[in-house]
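Undergrad: From the sequence below, what's the structure:
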Amino acid sequence: MTTSFFLLSLALGVATGALGGYLAEKKGRTQGFGFTIGFLFGLIGVLGLLLMTHKAQKEKKPDDSE
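TA: Purely as a prediction, here's the structure:
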């Protein structure tokens, strides 16, 4: 494996990871989850994140300790 091929692969992994992190955050998940999926699975992972549904937000209940 040449150095240039390795650096290109690493750059593409980081780029798809960053895109995956952005998409995951928009869907209500953590950026770390999205980065990992995008980095490891590339464009297939980004496509999977695009197809993922929004995560339901938990409502904070008022504290009754007053």
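Undergrad: In this protein, where is pLDDT below threshold?
TA: For the chain, applying pLDDT under 70 flags the ranges 1, 59-61, 63-66.
Undergrad: all helices of it, in order?
TA: 3-26, 31-51 (DSSP state H).
Undergrad: Dump these into TSV; add distance to residue 58 as well.
TA: All C-beta atoms are positioned from the backbone trio N, CA, C, and that covers glycine. Shown next, in TSV, are these (distance: least, CB to CB, whole Å):
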stretch	distance to residue 58
helix 3-26	16
helix 31-51	17
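Undergrad: Out of the ones you listed, which one sits most buried?
TA: helix 31-51 (a mean of 17; mean count of other CB atoms under 10 Å).
Undergrad: got a list of what the residue nearest the centre of the chain touches?
TA: For the chain, the residue nearest the mean C-alpha position is residue 34 (1.2 Å; CA atoms, centre = their mean). Residues in contact with residue 34 (CB atoms under 8 Å, 6 or more residues apart in numbering) are 17, 20-25, 49.
Undergrad: Work out the gap between stretch 5-23 and the centre of the chain.
TA: 11 Å (CA atoms, centre = their mean, to the nearest Å).
Undergrad: Output it as CSV, restricted to C-alpha atoms.
TA: The C-alpha coordinates for stretch 5-23 follow below in CSV (Å, rounded to 0.1, in the frame of the first residue of the first chain):
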residue,chain,number,x,y,z
PHE,A,5,-3.4,5.7,-1.2
PHE,A,6,-3.4,5.4,2.6
LEU,A,7,-3.7,9.2,3.1
LEU,A,8,-6.5,9.4,0.5
SER,A,9,-8.4,6.5,2.2
LEU,A,10,-7.9,8.2,5.6
ALA,A,11,-9.1,11.6,4.2
LEU,A,12,-12.2,10.0,2.7
GLY,A,13,-12.9,8.2,6.0
VAL,A,14,-12.7,11.4,7.9
ALA,A,15,-14.9,13.2,5.4
THR,A,16,-17.6,10.6,5.5
GLY,A,17,-17.3,10.4,9.3
ALA,A,18,-17.8,14.1,9.6
LEU,A,19,-20.8,14.0,7.3
GLY,A,20,-22.2,11.1,9.3
GLY,A,21,-21.7,13.0,12.6
TYR,A,22,-23.6,15.9,11.2
LEU,A,23,-26.5,13.8,9.9
